[in-house]
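Asker: Below are the sequence and a predicted model; questions follow.
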Number of protein chains: 4
Amino acid sequence: MMDSLKELIERHRRFVEERNWQKHQSPKNLVMALTGEVGELNELFQWLTVEESWQVEDDAKHAVAEELSDILIYLTRIADELGIDLIAAAHEKCERNDLKYPREAFLGNYCRPHEYKNRKK
Amino acid sequence: MMDSLKELIERHRRFVEERNWQKHQSPKNLVMALTGEVGELNELFQWLTVEESWQVEDDAKHAVAEELSDILIYLTRIADELGIDLIAAAHEKCERNDLKYPREAFLGNYCRPHEYKNRKK
Amino acid sequence: MMDSLKELIERHRRFVEERNWQKHQSPKNLVMALTGEVGELNELFQWLTVEESWQVEDDAKHAVAEELSDILIYLTRIADELGIDLIAAAHEKCERNDLKYPREAFLGNYCRPHEYKNRKK
Amino acid sequence: MMDSLKELIERHRRFVEERNWQKHQSPKNLVMALTGEVGELNELFQWLTVEESWQVEDDAKHAVAEELSDILIYLTRIADELGIDLIAAAHEKCERNDLKYPREAFLGNYCRPHEYKNRKK
């Protein structure tokens, strides 16, 4: 079985090559394209309450899934153009997060990331 | 071997649960957090030429990898909170893209997505 | 008395010229720089509840004011580089909004923009 | 003569009140709405070269003016909801920028903001 993310990366690369799009798929341009999709994702949630945002259903949920897909596609394209191993980088980041927000500090109390940072100052 | 993206999703979910962060990890909040990381990614590329954006190296490349990781982390968190299968959704999107930009239309000519759309109007 | 926005536009233009920055202040680059600041603005609000977002005070409010300023600065720079009259364009947009969301349709009932659009479909 | 930005702020506030929209125009929601418009602005420039971005004309330029207007509208709404004097804040920011990037440091040489920051480290 092929790894799911690797498969996506290769599928997108082929998609781009078959359309002669390599030339304008620079990391800079791809970052802007990613940003466009993130804007669309924001539009789907902007007027919802926090509670409503957990209950998107049917058409709205489908629209969210489509925007998440677009973002994932551009994300893998940027990584691919720059030769970055996205999965390895994400695990490294997780390890830094484990150190930055040590599990013990949150045992038995509720404290959001920005509150934890302010408290430590 | 576990699938790489599935593994990441589960790792992030556990990270959140261990810190009692479920309450504020609503899709709405996570979309804003994702947007914050996308802003940081833009900052890394804003003054670079298109050519320079392909040649980020060393510290700059490491910084890009970190931002891409943050984006991937929030992306998988949003999908997880909403019960969206990110990989399945991305493949569906690829199939729609195959129809929207048929391979044959780009054989032997260079035409960017927005130019192709305008031409078809 | 000089108009406030005109004064800002001219101040920023001078700031850029005095630092030889015209060359990289292309609309494309400025859009990315604007996006970076919008990301920072999102970071200030991402974990806040809707109610808390109305009550930012002191340091947090100062930080918001600074991000809004950065966004305004890049906004006026983009308009200036492209010769767009930002104030005239904004009033035109207001007029389109008056037609799109007619006042009478909202008398005595509460309906968010996306709900109004869906209802009309 | 009324100041242009003040006039816009008041016009938007009235627009919102006449539609009973105050309730969902929280700073948090408005930041997401602003982000949506910034996404649309990115879409207009994503595949353009830096040079092309200076030459948008006709329909494309009109579309840019519309997105800039939307961003300005949400920007003034956020400031209005939080009681922030946007113009005063922008001038304060300009003064900080004058100190951060002293004019003399750029006399006779070309150096982008990120390069200047790196050089000073």
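Answerer: Sure, I can see it. Numbering: from 1, shown residues only, chains lettered A, B, ... in the order given.

Asker: use CA for all of it now, contacts and neighbours both
Answerer: Fine.

Asker: okay, and for chain A, where does confidence drop off?
Answerer: Per-residue confidence for chain A (pLDDT under 70) gives these ranges: A:1.

Asker: Is any residue of the helix ranked longest in it near chain B?
Answerer: Assignment by DSSP state H gives helix A:58-82 as the longest helix of chain A. Yes. Judged by CA under 8 Å from any CA of the partner chain, helix A:58-82 comes into contact with chain B at A:65-66, A:68-70, A:72-73, A:75, A:79, A:81-82.

Asker: Return the member of the residues you listed nearest to residue A:92.
Answerer: Among the residues of helix A:58-82 next to chain B, residue A:79 lies closest to residue A:92 (CA to CA), at 15.1 Å.

Asker: possible to save the residues of helix A:58-82 next to chain B as JSON lines with neighbour count and distance to chain C?
Answerer: Listed next are these as JSON lines, based on neighbours: other CA atoms under 10 Å in any protein chain shown; distance: CA to the nearest CA, whole Å:
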{"residue": "A:65", "neighbour count": "26", "distance to chain C": "18"}
{"residue": "A:66", "neighbour count": "19", "distance to chain C": "18"}
{"residue": "A:68", "neighbour count": "25", "distance to chain C": "18"}
{"residue": "A:69", "neighbour count": "25", "distance to chain C": "21"}
{"residue": "A:70", "neighbour count": "21", "distance to chain C": "18"}
{"residue": "A:72", "neighbour count": "25", "distance to chain C": "18"}
{"residue": "A:73", "neighbour count": "23", "distance to chain C": "20"}
{"residue": "A:75", "neighbour count": "22", "distance to chain C": "17"}
{"residue": "A:79", "neighbour count": "18", "distance to chain C": "19"}
{"residue": "A:81", "neighbour count": "17", "distance to chain C": "19"}
{"residue": "A:82", "neighbour count": "19", "distance to chain C": "19"}
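
Asker: mind giving me TSV with these and columns for distance to residue B:17?
Answerer: As requested, the residues of helix A:58-82 next to chain B are exported to TSV (distance: CA to CA, whole Å):
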residue	distance to residue B:17
A:65	24
A:66	27
A:68	23
A:69	25
A:70	28
A:72	24
A:73	28
A:75	26
A:79	29
A:81	34
A:82	33
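
Asker: Which elements pack onto the longest helix of chain A?
Answerer: Counting contacts by 3 or more CA pairs under 8 Å, 6 or more residues apart in numbering or on different chains; DSSP states H and E, helix A:58-82 packs against helix A:4-18, helix A:27-45, helix B:58-82, helix B:86-100.

Asker: what comes into contact with that helix?
Answerer: Applying CA atoms under 8 Å, 6 or more residues apart in numbering or on different chains, the external contacts of helix A:58-82 come out as A:8-9, A:12-13, A:26-27, A:30-31, A:33-34, A:37-38, A:40-41, A:44, A:85-86, B:54-56, B:65, B:68, B:72, B:75, B:79, B:84, B:86-87, B:89-90, B:93.

Asker: report the angle between the axes of it and helix B:58-82?
Answerer: Angle, helix A:58-82 to helix B:58-82, by axes from the mean of the first three to the mean of the last three CA atoms, to 10 degrees: 160 degrees.

Asker: and helix A:58-82, how far from the chain's centre?
Answerer: 8 Å (CA atoms, centre = their mean, to the nearest Å).

Asker: Over to stretch A:3-13?
Answerer: Offset of stretch A:3-13 from its chain centre (CA atoms, centre = their mean): 15 Å.

Asker: Which positions within that stretch qualify as buried?
Answerer: Along stretch A:3-13, these residues count as buried under the neighbour rule (16 or more other CA atoms under 10 Å in any protein chain shown): A:5-6, A:8-9, A:12-13.

Asker: likewise stretch A:110-121?
Answerer: Residues of stretch A:110-121 classed as buried: A:111-112 (neighbour count, 16+ other CA under 10 Å).

Asker: Next one: it, is it in contact with chain D?
Answerer: No. Using CA under 8 Å from any CA, stretch A:110-121 stays clear of chain D, coming no nearer than 15.8 Å.

Asker: how about residue A:19, what does it touch?
Answerer: B:103, B:106-107, B:110.

Asker: list the contacts for residue A:20?
Answerer: Going by CA under 8 Å, 6+ apart, residue A:20 touches B:106-107, B:109-111.

Asker: Got the phi and psi for it?
Answerer: For residue A:20, the backbone dihedrals (degrees, to the nearest 10) come out as phi 60, psi 40.

Asker: same deal with residue A:107?
Answerer: Residue A:107 adopts backbone torsions of phi -60, psi 120, taken as degrees, to the nearest 10.

Asker: residues contacting it?
Answerer: Residue A:107 makes contact with B:18-20 under the criterion CA under 8 Å, 6+ apart.

Asker: domains for chain A, by residue range?
Answerer: In the assignment given by automatic domain parsing, the structural domains of chain A cover A:1-84, A:86-121.

Asker: Switch those over to TSV; also include distance to residue D:97.
Answerer: Below are those laid out as TSV (distance: least, CA to CA, whole Å):
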stretch	distance to residue D:97
domain A:1-84	26
domain A:86-121	26
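
Asker: nearest to residue C:119, of these?
Answerer: Taking CA to CA, domain A:1-84 is the member of those nearest to residue C:119, at 14.6 Å.

Asker: Give me the distance between the closest one and the centre of its chain.
Answerer: 8 Å.

Asker: follow-up on the earlier one: out of the contacts of residue A:19, which two are the most distant from each other?
Answerer: Pairwise distances among the contacts of residue A:19 were taken by CA to CA; the largest, 12.0 Å, belongs to B:103 and B:110.

Asker: What values do phi and psi take at residue A:54?
Answerer: Backbone torsions of residue A:54, given as degrees, to the nearest 10, read phi -90, psi -10.

Asker: Next one: it relative to residue A:62, how far apart?
Answerer: Per CA to CA, to the nearest Å, residue A:54 is found 14 Å from residue A:62.

Asker: Also residue A:44?
Answerer: Applying CA to CA, the value for residue A:44 to residue A:62 is 11 Å.

Asker: These two: which has the busier surroundings?
Answerer: Taking neighbours as other CA atoms under 10 Å in any protein chain shown, residue A:44 and residue A:62 compare with residue A:44 leading, 22 against 14.

Asker: Excluding chain neighbours, what is closest to that one?
Answerer: Spatial nearest neighbour of residue A:44, excluding adjacent residues (CA to CA, 6 or more residues apart in numbering or on different chains): residue A:64 at 7.2 Å.

Asker: Thanks a lot, see you next time.
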